[in-house]
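> turn this into a structure:
(chains A, B, C, D and E)
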Amino acid sequence: MIPIDNFLVLSAILFSLGMYGVLARRNAVLILMSVELMLQAVVINFVAFAVYLNPETFTGIIFAIFVIVIAAAEVGLALAIILRLFRNRQISNVDEADLMKW
Amino acid sequence: MGMDQAWLIPAIPAAAFAILLIFGPYLPRKGDWLAIAAIGASFVLVFPMLADLLDQADGTTYVAGEKAWEWLSFELAGVGETFEIEIGFYVDPITIVMLAVVTLVALMVQVYSIAYMKGDLRYGWYFTAMSLFAASMLTLVLANNLLLLYAGWEAVGFCSFLLIGFWWEKRSAAEAAKKAFITTRIGDVGLLIGIIMLWHEGPNTFNIQEIIHFAEEGGYGNTYLTAAVLFLFMGALGKSGQFPLHVWLPDAMEGPTPVSALIHAATMVVAGVYLVARMLPLFEVADPIALDIVLIVGLTTVMISATMGLAATDIKRVIAYSTLNSLGLMFVALGSSAVAAAMLYLFVHGFFKALLFLGAGSVIHATEEQDMDRLGGLAAKMPITAATFAIGTLAMIGIVPLSGFWAKDEVLVFAEEEQNIIVYLVLLSSLVITGLYMMRLFVRTFLFAPRVQETYAHAHEGGLLITVPLLVLGLLATVGGFVVFDEVGEALGFPGGFAQFVFLHGAHEFKFHLDTAITSTALAGGGAVAGWVLWQDKAALAAHIRDAFAPVSALLANRYYIDEIYQFAIDRIVLVLGGIIAWVDRVVVNDTGVNGSANLGYFAGFEIKFLQTGRIPNYALAIVAGILVLSIVMLVTQV
Amino acid sequence: MTYEEAIFYVIAAVTVAGGLGVVTARNVVHSALFLILSLIGVAAVFVLLASEFLAIVQVLVYGGAVTILILFAMMLTRVRDIAGPMDGPQRPIAALAAAVFLGTTVLAVKETEWRGNTEEATVVSIDQIGDVLFTTWAMPFEIASLVLMVALIGSIVLARGEEGE
Amino acid sequence: MTASLEWGLLAPEFLLAGWAAFIILIELFWGGLGKERLGWLAALGAVAAGGLSLIWVDDATQFGELADINDYTTLFRVFFCGIGATICVLSARYVSDRLLHPGEYYALILLAVVGANGMAAAHELLTAYISLELLSFSLYVLTAYAKFDLRSNEAGLKYMLLGAFSSAFFLYGIGLIYGATGSTQYAEIGEVLSGDTSDIEWGMYLGLAMMIGGLGFKVAAVPFHMYTPDAYEGAPIPITALISSLSKAAGFAFFLKLFAVAFLPLIDDWRYFIAGLSVATMAVGNLVAIQQRNIKRLLAYSSIGQVGYLLLGIAALSQDAASALVLHMIGYAVTNLAAFTCVILYYNWTGKEEIEEYKGLADRAPYLALGLTIALFSLAGMPLFAGFTTKFILFQAAAEQDLLWLAGVAAFFSFVSLYYYLIVIREMYLGEPEEKTRFPTPWLGYTALTALIAGVFLMGLYPKPVFDIVEDGTNTIFVSEELDGGEDLVGVP
Amino acid sequence: MEYVLLALILIPLGVCPLFMLIPSRYPQLSRYLAALAGGALFALSLLVFIVYQFDAGAGLGTGLRYELQWDWLENIGFLGENGITFYLGVDGIGAPLVLLNGVAIFAAVFVSWNITHRTKDFFVLLFLLVSGVYGVFISQDLFFFFFWYEVAVLPMYLLIAVWGASSQFGTFSRTKEYGAMKLTLMLVGGSVLIFIGIFALFVEAGAGTFDMVVLREQALDEDFQKWVFPLFMVGFGVLAGMWPLHTWSPDGHVAAPTGVSMLHAGVLMKLGAFGILRVGMTLLPEGAEFWAPVLMVLGVTGAVYGSVSALAQTDLKYMVGYSSVSHMGFVLMGLASMTQIGVNGAVLQMFAHGVMTALMFTNVGAIYDQAHVRDMTQFGGIAKRMPRHSAFFAIAGLSSLGLPGLAGFVAEFHIFVGVFRAGYWWAGGLGILSAAITATYVLRMLSRAYFGPLNEKWADLKEMRLGEQFAAVLLIAMILFMGLWPAPFIDRISDTVEMIPGITG
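Coordinates of the predicted model:
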């Protein structure tokens, strides 16, 4: 079978990509998508650990389910906020949202 | 009544002071009678004291009386000793002499003041302060320990400040008072250090006799003791107006003239002499350099004061210079270990100097003028004043048989015997100068034609209150000197004579060297005659000489520029230093040190806040950076 | 290399490519599409991990709901009309940070000797999952429902237009 | 899998959630109730829930394998319900004047309290995480709740996106820890970590670092704090108060329990990292606060500074430190709420929140100025007030654990903080008011303020009752560890 | 009696809410209440001072009497039995200082009679300050010691910033906000060090208690003492005006209203020296011995530096402020001598400086209230118009320059003797010199401002208010009391000082 390391490394790569996306992207929606990527990586991690290391209680899988749920809810909520921001200010780039600083 | 009641002597004026301070304004005549009664009572009390002392005398040896009360005391942790400060009185012949001079002169001066100060705005306050002064001075004299002595010492200084500045509305009076206090205070720094030094290595007491005893047994190290007594001497230097701290005394003449008579002639200024005389055993045990310094200081003062007296025109100032002159002479005597001579001089000086001041006061009272260039010929209008003043002048110059002669002669004898010839010669030369300027004073004030007719016109002799003290003092100034003769002393009831009485440490007779006497009388008389000649009538000759030696006379008139040097030192050094430190405090310590560190925090905050850009990617980067640093450092350090 | 590994690598490549597309695409819609690709890839990974249930959830929740939502949001916010670059000035630092992070993580993952069987994935059946989800994990489940409620309320309150808007 | 699920143990949470729904419904169907009364009603629910949780005082039981119902939980339940109730009361006027949808607003506050309770109760990571998200989601929404306020929108966006971002890290960390230890139960993690960990140390430490980062975000430790000032400034003021008290307290309840039970065996490994975070947090929070011109932002930075002090308790983790930490947290929350009460009342009245707009407040509303002054002095750690006593005990607890230097740094920054509090006080007492009108007395607001100030004084003058309760609470997390892991694990002297 | 001690803290704390209940329209009512409370405090303080000596109480090696110990926080966490107790007790050092505080507040109330702006708020803060000061003097628990110490600092900012005055000088200006802020921050900054020191001390002692009576019996490691003592020395030193951390003092006093300056310079600065003695030297005798030379250098520097700086001031308040620095330098010298005489002197000086500086500020305030100028060069001949005021001022000055018969001399003399006894010749000499410089600036001030011809600008000045006169007379009575009959003070102080470890004869 495939060693667990493969999954973990895949997860790490996805997480890094997501992280890069958050740091580099300007658009709020794109950032949100990047966060989703990171969460995907987390989920991979959880599942891999659950099925390889902890199959008896498979907490990881449960965790993964919840993470997915939360992630979905998060997207919904975040999009609502982004939408609200756009309606009020016609912007969706996060670096333009700097009314408050210093 | 006996020596145990000695505390009453200062206590009575002190009580008078307290009453006057609080109730004075409500008393009839502002309570002047109370002050005079108090000092009179003190004066009277001296006699039982004296009688007691004489009663207890064992042949020619006198037994000193001492009584003390604890003022404060506490155990010293882990040492087993007790730190104790007492209030105590010590009565021995020196004390008695001082008490007599102080109370008598004070009495005379206060009686005189009733007339002199009449109508003054602060008439009551004058007597209040005078009472305080009397109490302080008597405490100083009677004190059995150095600390009480110091207390009295400071208190008389304070009274001097009050009384010099009595007319404080005058800028010059206020300044003079300040100058007097601060100058003497500088000396007192030394005094206090000296006292503490004597206590520190000493027998854990401030008692003077115990300290002396301890010192005589070699308890102190030689160098240590020398240093300590020199510090003590610093105090005497300031209080007695010795060079270089003499500058305050001439200025002190801003005070009312009776004050000058009492404080700045007869009593307070001789406290330094008294202190050194009291502590002389220590000086003798210490390195000889200590006494040499006393001598040199005295000699210097004698010369500079005498020469400055030549150039002064204010009559009170001239007398002040003569006071310095006399005090210098006393220190010369002390420097020669001639305590009896010094005390004798102190005794008679009190009378004739007070007399001179009161005489001057009488003149000033009558003419409201104290510049001798604007006086003259007053003898005609004020015969009693002129006569007593003449006695005082001659006593000061040292003409036989007035009191000053005998005392001065003793000093000269000791100087000749104990010291080298230079000292003697210098002293002799000072006699000439003394003759010159004293005669100048008398001649210019009382004789020949009046220079300002107007002033002369309303000059008049004062009332009895003024003339009686003058006469009493004149009498004393005339006959006071005869106590040098043991016969006189014994006749007065002192076993062994006055010299034996005053000097406690074995026989130390007054000596009379005829050649010395003749030399000194000749020189002093010569000086006086020369003075008469120089300043007679229009003083043309003196003016001629003055013009011929213009730089010298300018030097003298400007008092050797010593005041200017001090002024310079204060303005340019002390005040500038103070200014620099104040500036450093504000700019460096405060603005840089304190505000600077505050600003550092402020600007750190200012810089850091710009990291807060308001942009999400930056914020996210901070999170990432934080996690990366945490992870990497944790992995590196822990794995 | 076993065939399973080969399949894994293919899937992984697709997933990573998708992810790369998400974070680099110039066109936002392309990004969203790449995200779908990546999500599908992850779902495939779940299959490889013998967790078909999760794969189904993944496809339904993400592939269905989330991406649609995102596309809607893009439409509503008219993302395509926005001028200017898609990436901020922070890109080089971001790349560096990501690389460092990747290196660290991979190193840590590789260095760790995971306890248990690291070679064989165990199948977890849907029954088991369903069983524990409502018994052992009942409390998170309940709370998750509240989370969803909050998200729901929040989205409605925030997104809905008000009078006068 | 034979977990006993006594749902009754979660009754307070159910009550809160149900009450939240009830509030929404009542707003829908009973429009005549009035917006302000809705807040009182919500507060009533929170108070009831808090009272309900008192049933389990001195009880020590568990809900399944997920949550403890013991004194620790009870303590925090009451505490969080109290915060929730206070915020509801404080919101009443503000919400009715300035916000739409009050029903949902109060419901979200109650749900946030549920999340916070869950965080304190959980002894398992999944439950804790979900609870954390419940709390966070509620706060995200509430932050953005002023729909037409641009700053509120922006604050919500920042809070939300960064929250999600940091959640990802936190989850990644959980994943690694889970992988390394095979469990998400705190106690089991602690048991594994107390054994030989040399084989899993890479993953373990990386996971730990990421979890610290994630928790750091939740409690706003530097450098994970960046969202805080913006979120505070943008959010409606009562919500700012909520974030600064509830969110922070819940974060620490979670942090403390997790680290005390699960990560205590590794304390020597992470202690200095927490200490470092603590120093950075105190420094940045307090130094930047000096620069602030907006009262909310100022309080945001000041709360960051406070987090630094609280982290001290984590760094010095021991039973004493835990008690001290919780005590300080309670004291801080009470004080902070008092300060926010004043800010809210002032804002309700004038709509102003810049510090310089506070000038002359002492003339116009003496009691308000006095209250704010007391609160600020307390935050600065001046005596008579809670801040001094609780800080003293907290710092002393740190010093007991060989972290004297850290206690010293904390004391120093606490001194720095005095400066910016004084700036506010200066404006209030020295500034000339622009208009002379007196402040109309808001009786209910002043009642709340008085109660909070009384709390500030109580904690400052006689904290023993509170300390006793707190210690009972923190004892439980350490005692359980003792039972599981043996004597040598417990860093309690 | 122990409840009298309690009352000393509770009365000032208790009147604060009472003040708040008084409507602001009746400022006169606040004043009467303040006078009442001040009088009560003065009476009780006097009672404590007098009765102390008559009660040969146990005190067991500490000199403590009238102990009152209530549990506050114990058996909790790191705190053992008697962990933190509300522990009151007065010893021979505390007794005179309690009296000092009583005198100062009673006088300050009368001096503050003319406060019209927010009268009741002023008194609230003033009494808060006073309660803190009392607390420090009679607390025997380190926690509460520090607690009250901070309470005393707490109201300072508002007291100065609200009721103070800004000043403009030739080249620079000092606003009241600046003075208040600097004062507050520096004092609190100093207490950070104390904070750390207390932590370290508690941990090292390991007794689980903050009870100072217990703590002083703990044998602490010498190296530990050596590094902790400077924390206390510098921390308390800030409040004691220790050079170079004294700069808050002149600026703060210049800005502060008169009553506050009186209390602050008169009493509050003593807390610093008292802290060094009570906490630093008592609990850490070996550390104190090690650092004594440093403290001596700082003390002497402060004494000379303060007096020389005062010499350069023309502003009356600055002069008095710097003179405080100078006199507190004497206190530090006395402490640093580590001899019984010196330490006795230091405590005496605390009292003496307290009353005379309060008197000085009373007088400066009296003239400033009328003239709104404090620059002595602008005055002249004021004694003509305000003779009593001038006399009072002169007495204060004379006491401060060490005139025998007044309080200053007794204290300074002990200090100098102690310093000499400890072998610091140079320090003693410089100290005495500094006293002479004091004479210079005091007399310069009197001569400039009060003597000389009356400056017509001030022809309409009036004598100081009766309340101020009363305050001045009260303070002068204290100056004379101690100056003429110091035995009651010395008896109390010495019995306690000799029990302090590390103090030798």
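
> every contact and neighbour count from this point should use C-alpha atoms.
Fine.

> just the CA trace of the lengthiest strand in chain E, in PDB.
Among all segments of chain E classified by DSSP state E, the strand with the greatest residue count is strand E:65-73. What follows is strand E:65-73, C-alpha atoms only, in PDB (Å, rounded to 0.1, in the frame of the first residue of the first chain):
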ATOM      1  CA  ARG E  65       2.600  47.600  69.100                       C
ATOM      2  CA  TYR E  66      -1.200  47.500  68.600                       C
ATOM      3  CA  GLU E  67      -1.000  44.700  66.200                       C
ATOM      4  CA  LEU E  68      -4.100  43.800  64.300                       C
ATOM      5  CA  GLN E  69      -4.000  40.900  62.000                       C
ATOM      6  CA  TRP E  70      -6.900  39.800  59.900                       C
ATOM      7  CA  ASP E  71      -6.800  37.000  57.300                       C
ATOM      8  CA  TRP E  72      -7.100  38.200  53.800                       C
ATOM      9  CA  LEU E  73      -5.800  35.600  51.500                       C
END
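
> mind listing what it pairs with, with the direction of each?
If you go by DSSP bridges, strand E:65-73 pairs up with strand E:84-90 (antiparallel).

> would you mind listing what in the stretch 151-300 of chain B touches chain E?
Counting by Cα under 8 Å from any Cα of the partner chain, the stretch 151-300 of chain B comes close to chain E at B:151-152, B:154-155, B:168-175, B:178, B:182, B:185-186, B:189, B:192-193, B:196-197, B:200.

> quick one: buried ones out of the residues you listed?
Among these, those scoring as buried are B:151-152, B:154-155, B:168-175, B:178, B:182, B:185-186, B:189, B:192-193, B:196-197, B:200 (criterion: 16 or more other Cα atoms under 10 Å in any protein chain shown).

> from those, which ones fall inside strands?
Per DSSP E, these never map to strands.

> quick one: the helices in chain A?
A:4-24, A:28-53, A:59-89 (DSSP state H).

> what's the answer for chain C, then?
C:3-24, C:28-48, C:52-57, C:67-76, C:91-111, C:126-134, C:138-159.

> other residues contacting the last one?
When contacts are taken as Cα atoms under 8 Å, 6 or more residues apart in numbering or on different chains, the neighbours of helix C:138-159 outside the stretch itself are A:66, A:69-70, A:73-74, A:76-77, A:79-81, A:83-84, C:132-134, D:17, D:66, D:101, D:104, D:108, D:111, D:115, D:126-127, D:130-131, D:133-134, D:137-138, D:141, D:144-145, D:147.

> which parts of the stretch 501-639 of chain B are strands?
Applying DSSP state E, counting those that start in this stretch to the stretch 501-639 of chain B gives no strands.

> how about the residues of it by chain A?
B:K609, B:F610, B:L611, B:Q612, B:T613, B:G614, B:R615, B:I616, B:P617, B:N618, B:A620, B:L621.

> surely the first one meets A:M100?
The reference is to B:K609. No: under the criterion of Cα atoms under 8 Å, B:K609 makes no contact with A:M100, lying 12.0 Å away.

> residues contacting D:T73?
Counted by Cα under 8 Å, 6+ apart, D:T73 has contacts D:N117, D:A120, D:A121, D:G473.

> generate a ChimeraX selection restricted to the buried subset of the residues you listed.
The buried residues among the contacts of D:T73 can be selected in ChimeraX (16+ other Cα under 10 Å) with this line:
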select /D:117,120,121,473
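
> pick out the lowest-pLDDT one from the contacts of D:T73.
For the contacts of D:T73, the model is least confident at D:G473; its pLDDT is 87.

> what secondary structure does that residue sit in?
helix (DSSP: H, G, I helix; E, B strand; the rest coil).

> picking up where we left off before, format the contacts of D:T73 as CSV; extra columns: distance to E:I9.
Shown next, in CSV, are the contacts of D:T73 (distance: Cα to Cα, whole Å):
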residue, distance to E:I9
D:N117, 42
D:A120, 41
D:A121, 43
D:G473, 34
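
> reformat the contacts of D:T73 as TSV; add secondary structure and distance to D:S378.
Formatted as TSV, the contacts of D:T73 follow (DSSP: H, G, I helix; E, B strand; the rest coil; distance: Cα to Cα, whole Å):
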residue	secondary structure	distance to D:S378
D:N117	helix	27
D:A120	helix	26
D:A121	helix	29
D:G473	helix	24
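
> can you narrow the contacts of D:T73 to ones near chain C?
Applying Cα under 8 Å from any Cα to these, none is adjacent to chain C.

> so where's chain E shaky on pLDDT?
Low-confidence segments of chain E (pLDDT under 70): E:55-61.

> got the residues of it near chain D?
So chain E meets chain D at E:72-73, E:76-78, E:147-148, E:150-151, E:154, E:157-158, E:161-162, E:177, E:181, E:185, E:188-189, E:192-193, E:195-196, E:199-200, E:203 (Cα under 8 Å from any Cα).

> in helices, which of those appear?
Using DSSP H, the residues of chain E next to chain D in helices are E:147-148, E:150-151, E:157-158, E:161-162, E:177, E:181, E:185, E:188-189, E:192-193, E:195-196, E:199-200, E:203.
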